[in-house]
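Asks: what follows is a predicted protein model with its sequence.
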Amino acid sequence: MSDFAAVAAAAEGSVAAQADVDITEELLLELGVAAKKAKQVVASKSGGKGKKFCARLAALLAALPTGAAAKEHGQLLFSAAEKLSDNIGSENLRMFLKYVYASNAADAIVSKSKFDAAIQYLNRSMDEAAFKTAAGVGVVVPDSVVREQVAAVVAAETDNITANGYRYKGPILGKLKKCEALKFADTDAVSKFVEEAFLDLLGEQTADNTKKSAANKAKKSDGSKGKSAPVIDGGDAKNADTLAAVAGSGGDASSEKEEEKKRELLTQIALKYDLDVGDVTKSFMGSGGGDPVKTQVVNPIDVDGGDDAIDYTKLVREFQTELISPELITRFETLTGRPAHHFLKRGIFFSHRDLHEALDAFEAGKPFYLYTGRGPSSASMHLGHLVPFMFTKYLQDAFKCNLVIQMTDDEKYLWKNLSLDELHTTLRENIRDIIAMGFDRERTFIFNNLDYVGGQFYRNVVQLEKRMTGNQAMKSLGLSTLDNIGKFSFSAIQAAPSFSSSFPHIFGADSNNHCLIPCAIDQDVYFRLTRGIAPRMGLLKPAVIHSRFFPAIGGQNTKMSASSGDTIYLTDTPQEVHDKIHKLAFSGSRGNTLEEHRRLGADLDVDVSYQYLRFFEPDDAKLADTGARYSKGEMLTGEIKNELVAVLQGVVSGHQTAKANVTDADIAYYMSTDPARFARA
């Protein structure tokens with residue numbers, strides 16, 4: 001038994017120290033070691049450093065707790081065997097093993113960043129509390145934080161990424177490595193989000209967007225070898241002088257054009273010497289661009305504005321979407337011959353991807369259809385659920401086009417604690433709610449995944465799955481390797497309705513029709529992924545139009561959700577609607593007393609009652625009058641709440657009446673796949 005093995009045994013309180021573990025090529029492959037590296041290790045284990053390395057790895061594997069799978073810790077233990085000293089003390093090794101094999105996942109040292117931090121301290125004497133702090137034990141950096149930090153850096157460096165392609169991933173990763181918020185983040189998660197950000201900006205990696213920059217080619221043509229990164233702080237006077245000369249003194253440009261020219265030159269020099277572009281720009285021109293990162297999370301699973309309202313300008317910048325312009329709204333009205341929906345005029349549907357292409361298709365008389373959906377997690381829908389369906393109804397009426405509505409009962413089974421029997425009930429109730437919206441019977445197909453997925457639809461799913469990576473699926477849904485495998489495939493299932501061939505009974509198995517998807521902006525990540533894959537399948541990219549969130553009754557930092565108790569359901573009585581608004585709706589009044597309110601008025605941007613009226617009061621003149629009087633203090637909070645209550649009671653009671661008239665036969669008709677019932681448009 002080696003000294004290291006004895007220490008490992010002592011650290012685990014075991015005299016067995018099963019150091020008889022044989023380090024074979026097969027074992028190393030099982031641990032996730034690359035085949036070439038595995039061969040090298042086995043070839044060198046008979047003597048010298050190779051022998052000591054294998055002894056350390058064997059001891060670490062032998063110290064695995066009962067029931068622990070070696071392959072789950074394989075690459076980490078391999079790295080530990082490479083970096084740990086043979087003379088490490090048993091107490092330090094005990095601490096290391098304790099937290100590598102921690103039963104609480106939050107305490108486990110499993111990420112490369114935590115492991116690297118831990119290794120730095122293991123060859124010195126330190127107490128357990130200091131070790132835990134140094135190694136980030138118990139620190140969990142959620143994917144939402146990683147995603148936000150990556151998005152901020154990528155947004156600030158978008159021009160550089162566009163100019164330099166995938167080669168610029170290195171500088172981006174270098175910048176993120178220095179980010180304090182990501183000190184203990186999973187490096188795989190950071191790389192995953194960077195990869196997805198590059199995919200969104202550049203599309204699939206190709207020879208053109210991967211080729212080396214002109215600056216790097218110039219370096220090679222000059223005969224330089226390897227990396228010759230200058231140290232700006234005096235380490236390489238010539239390069240420092242070059243940078244300083246380009247940037248000028250203090251970085252104050254005389255014009256925007258001059259400043260941009262300097263920034264481009266600094267970028268070229270930084271890339272030539274493999275420096276961080278952001279750091280170089282900051283050193284010689286100031287901050288280097290980019291707004292401070294705000295605490296905001298927006299994805300299909302979680303929507304939270306942190307301490308502030310959702311920042312939609314930031315979302316447009318991060319997601320790289322386009323704002324809906326007044327010209328585009330005018331074009332809507334011209335093509336359809338009807339006024340724009342108030343959701344468009346008021347900026348509730350505010351952002352898009354290739355909406356103009358859908359309008360081009362309609363204008364040219366090309367086939368065009370709508371796709372939206374609903375996850376039936378609760379028996380009753382709420383006011384927020386009405387928003388996309390109200391707008392989709394307007395679009396169907398305006399364009400006289402077919403519509404497919406996906407009911408994602410499989411998603412809710414995978415994510416929620418709901419049985420299949422429960423989902424069958426909630427599904428049918430939600431379908432009644434949707435039919436009550438009044439969609440065209442001859443142009444609408446409602447389907448649930450558990451019953452419909454198969455045939456041509458599943459063929460498209462499989463093609464999507466083959467072109468999606470696990471990392472992409474994890475980004476789309478915020479997954480980890482501990483999530484059930486069904487969640488990983490769901491991105492492909494939600495993407496498939498974007499392709500008309502998924503519905504051969506309506507459009508034909510070989511069809512390739514334009515598709516427009518109305519949805520809230522948190523769902524955009526699904527369709528960014530879809531749009532990246534569609535050309536590789538020889539299919540049209542779907543166009544997407546995004547809505548703002550219907551705010552939670554307590555404030556605008558998140559959306560209304562059925563998982564919250566403070567929700568206005570479509571089954572609520574008039575009294576329940578009244579009580580919820582008067583007791584819970586966040587007020588934007590600037591005064592604490594009646595006198596102060598009369599003098600200071602109200603902040604309409606944060607007042608929930610006014611914001612709800614923006615969604616459900618269709619009369620523009622009436623809304624403008626209410627807003628003007630309330631903002632000046634001429635209308636009291638109680639009065640605007642009364643006005644809202646009257647509007648919402650009408651919406652909810654009207655919906656309940658329409659839903660009561662929906663029969664089982666209606667449900668069967670809307671879900672029928674009989675080709676004869678669909679209008680050909």
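Replies: Okay, I see it.
Asks: I figured Pro574 was touching Gln649, is that so?
Replies: Yes. With contacts counted by Cβ atoms under 8 Å, Pro574 reaches Gln649, the gap being 4.7 Å. Every residue, glycine included, has its C-beta placed from N, CA and C.
Asks: more neighbours, these two?
Replies: More crowded of Pro574 and Gln649, by other Cβ atoms under 10 Å: Gln649, with 18 against 14.
Asks: beyond the helix or strand harbouring that one, next helix or strand please.
Replies: Using DSSP states H and E, Gln649 maps to helix 637-660. Next along the chain after helix 637-660, taking DSSP H and E as the criterion, comes helix 664-670.
Asks: the helix holding Gln649: which residues count as buried?
Replies: Neighbour-count burial for helix 637-660 flags 637, 640-641, 643-645, 647-649, 651-652, 655, 659 (criterion: 16 or more other Cβ atoms under 10 Å).
Asks: which one of those is nearest Pro542?
Replies: His655 (28.8 Å; Cβ to Cβ).
Asks: how much space separates that closest one from Gln649?
Replies: 11 Å (Cβ to Cβ, to the nearest Å).
Asks: likewise for Pro504?
Replies: 44 Å.
Asks: packing partners for the helix holding Gln649?
Replies: helix 383-399, helix 420-435, helix 574-584, helix 608-616, helix 620-632 (3 or more Cβ pairs under 8 Å, 6 or more residues apart in numbering; DSSP states H and E).
Asks: run the chain-centre distance for it.
Replies: Distance of helix 637-660 from the chain centroid (Cα atoms, centre = their mean, to the nearest Å) equals 34 Å.
Asks: contacts for stretch 666-681, please.
Replies: 367-368, 400-402, 428, 431-432, 435, 439-448, 505-506 (Cβ atoms under 8 Å, 6 or more residues apart in numbering).
Asks: what do you get if the cut-off is 7 Å, keeping everything else the same?
Replies: Residues outside stretch 666-681 that contact it (Cβ atoms under 7 Å, 6 or more residues apart in numbering) are 400-402, 428, 431-432, 435, 441-444, 446-447, 505-506.
Asks: what comes up buried for it?
Replies: By neighbour count on 16+ other Cβ under 10 Å, the buried set for stretch 666-681 is 667, 669-671, 677-678.
Asks: how about stretch 49-65?
Replies: 50, 52-64.
Asks: SS state for the nearest residue to His342 once chain neighbours are set aside?
Replies: Excluding the flanking residues, the one nearest His342 by Cβ to Cβ, 6 or more residues apart in numbering is Pro618, at 5.4 Å. When classified by DSSP: H, G, I helix; E, B strand; the rest coil, Pro618 comes out as coil.
Asks: against Tyr168, how distant is Pro618?
Replies: From Pro618 to Tyr168 the distance is 48 Å (Cβ to Cβ).
Asks: the more surrounded of these two?
Replies: The neighbour count for Pro618 versus Tyr168, taken as other Cβ under 10 Å, is higher for Tyr168 (23 against 11).
Asks: give the contact list for the more buried one.
Replies: Counting by Cβ under 7 Å, 6+ apart, Tyr168 has contacts 160-161.
Asks: distance of it from Gln472?
Replies: 20 Å.
Asks: and if you look at Met671?
Replies: Applying Cβ to Cβ to Met671 and Gln472 gives a distance of 31 Å.
Asks: cool, Thr673 as well?
Replies: Applying Cβ to Cβ, the value for Thr673 to Gln472 is 31 Å.
Asks: same question for Thr336.
Replies: 36 Å.
Asks: so Val404: helix, strand or coil?
Replies: strand.
Asks: which non-adjacent residue is nearest Ala658?
Replies: Closest to Ala658 by Cβ to Cβ, 6+ apart is Ala436, at 3.9 Å.
Asks: surely the one you found touches Val662?
Replies: Yes. Counting by Cβ atoms under 7 Å, Ala436 sits close enough to Val662 to count as a contact (5.6 Å).
Asks: quick one: which of these two has more around it?
Replies: More neighbours surround Ala436 than the other of Ala436 and Val662, with 21 against 16 (other Cβ under 10 Å).
Asks: residue ranges in the stretch 101-250 of the chain under the pLDDT threshold?
Replies: 101-128, 130-132, 134-138, 204, 206-250 (pLDDT under 70).
Asks: please redo it, this time with the cut-off set to 80
Replies: For the stretch 101-250 of the chain, the stretches with pLDDT under 80 are 101-141, 143-144, 159, 162-163, 180, 183-189, 200-250.
Asks: then the stretch 501-650 of the chain?
Replies: The model of the stretch 501-650 of the chain has pLDDT under 80 over residues 555-566.
Asks: swap in 70 and give it another go.
Replies: 556-565.
Asks: quick one: which helix or strand includes Cys519?
Replies: strand 514-520.
Asks: quick one: contacts of that strand?
Replies: So strand 514-520 is contacted by 357-358, 361, 366-372, 388, 391-392, 395, 498, 500, 527, 540, 542-547, 549 (Cβ under 7 Å, 6+ apart).
Asks: rewinding a little: how close does the residue nearest to His342 sit to His578?
Replies: Where His578 is concerned, Pro618 sits at a distance of 21 Å (Cβ to Cβ).
Asks: apart from its chain neighbours, what residue comes closest to Ser498?
Replies: Pro542 (3.9 Å).
Asks: pretty sure that neighbour sits against Tyr526.
Replies: No. Assessed by Cβ under 7 Å, Pro542 is found out of contact with Tyr526, at 10.0 Å.
Asks: between the buried residues of stretch 49-65, which is nearest Lys416?
Replies: Nearest to Lys416 out of these is Leu64 (Cβ to Cβ; 34.7 Å).
Asks: so Phe439, which of the three states?
Replies: With three-state DSSP as the criterion, Phe439 reads coil.
Asks: could I get the buried residues of helix 637-660 as JSON lines with distance to Leu418?
Replies: Formatted as JSON lines, these follow (distance: Cβ to Cβ, whole Å):
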{"residue": "Thr637", "distance to Leu418": "38"}
{"residue": "Ile640", "distance to Leu418": "38"}
{"residue": "Lys641", "distance to Leu418": "34"}
{"residue": "Glu643", "distance to Leu418": "37"}
{"residue": "Leu644", "distance to Leu418": "32"}
{"residue": "Val645", "distance to Leu418": "32"}
{"residue": "Val647", "distance to Leu418": "33"}
{"residue": "Leu648", "distance to Leu418": "28"}
{"residue": "Gln649", "distance to Leu418": "30"}
{"residue": "Val651", "distance to Leu418": "27"}
{"residue": "Val652", "distance to Leu418": "25"}
{"residue": "His655", "distance to Leu418": "24"}
{"residue": "Lys659", "distance to Leu418": "22"}
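Asks: and those, which two are furthest apart?
Replies: For the buried residues of helix 637-660, the maximum inter-member distance is 31.9 Å, found between Thr637 and Lys659 (Cβ to Cβ).
Asks: re the thing from before, give me the buried entries from the contacts of strand 514-520.
Replies: 357-358, 361, 367-372, 388, 391-392, 395, 498, 500, 527, 540, 542-547, 549.
Asks: how far off centre is stretch 362-379?
Replies: For stretch 362-379, the distance to the chain centre is 22 Å (Cα atoms, centre = their mean).
Asks: can you give me the end-to-end distance of that stretch?
Replies: End-to-end distance for stretch 362-379: 36 Å, by Cα to Cα, to the nearest Å.
Asks: that stretch - what's its average pLDDT?
Replies: Averaging pLDDT along stretch 362-379 yields 93.
Asks: rewinding a little: from the contacts of strand 514-520, which land in strands?
Replies: Applying DSSP state E to those, the entries found in strands are 368-372, 543-547.
Asks: quick check, nearest of these to Arg531?
Replies: The closest of the ones in strands among the contacts of strand 514-520 to Arg531 turns out to be Val544 (Cβ to Cβ; 8.0 Å).
Asks: wait, the closest one touches Val525, no?
Replies: No. Using Cβ under 7 Å, Val544 is not in contact with Val525, being 10.8 Å away.
Asks: follow-up on the earlier one: check the buried residues of stretch 49-65 and tell me the two furthest apart.
Replies: Most distant of those, by Cβ to Cβ, are Gly50 and Leu64, 22.1 Å apart.
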